[in-house]
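Engineer: what follows is a protein structure lacking sequence information:
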């Protein structure tokens with residue numbers, strides 16, 4: 001169902017997003 005996404009706690013979601021952004025950010029820094 002659509003509400004499956006909501007069951008993930010916001011903190012968990014933010015953790016995932018934050019680590020993903022950090023990974024992308026470090027890759028960008030290496031490229032530059």
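Structural biologist: Yes, it's here. Since we're looking at a predicted model, the values are computed, not measured. Numbers count the residues shown, from 1 in each chain.

Engineer: show me where pLDDT drops low in this structure?
Structural biologist: 1-6 (pLDDT under 70).

Engineer: helices along that one, start to end?
Structural biologist: 4-7, 10-31 (DSSP state H).

Engineer: would a markdown table of these with mean neighbour count be doable?
Structural biologist: (Glycine included, C-beta is placed from N, CA and C.) A markdown table is the format used below for these (neighbours: other CB atoms under 10 Å):
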| stretch | mean neighbour count |
| --- | --- |
| helix 4-7 | 8 |
| helix 10-31 | 10 |
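
Engineer: state the distance from residue 32 to residue 25.
Structural biologist: Residue 32 sits 11 Å away from residue 25, going by CB to CB, to the nearest Å.

Engineer: center of this protein - which residue?
Structural biologist: residue 17 (1.3 Å; CA atoms, centre = their mean).

Engineer: against residue 13, how distant is residue 7?
Structural biologist: Taking CB to CB, one finds residue 7 at 10 Å from residue 13.

Engineer: what's the answer for residue 31, then?
Structural biologist: Relative to residue 13, residue 31 is positioned 27 Å away (CB to CB).

Engineer: what's the answer for residue 28, then?
Structural biologist: From residue 28 to residue 13 the distance is 22 Å (CB to CB).

Engineer: repeat for residue 20
Structural biologist: 11 Å.

Engineer: with residue 27 instead?
Structural biologist: 21 Å.

Engineer: and residue 26, by the same measure?
Structural biologist: In terms of CB to CB, residue 26 sits 21 Å off from residue 13.

Engineer: and if you look at residue 29?
Structural biologist: 25 Å.

Engineer: what does residue 22 give?
Structural biologist: 15 Å.

Engineer: same thing with residue 21?
Structural biologist: 12 Å.

Engineer: next one: residue 25
Structural biologist: 18 Å.
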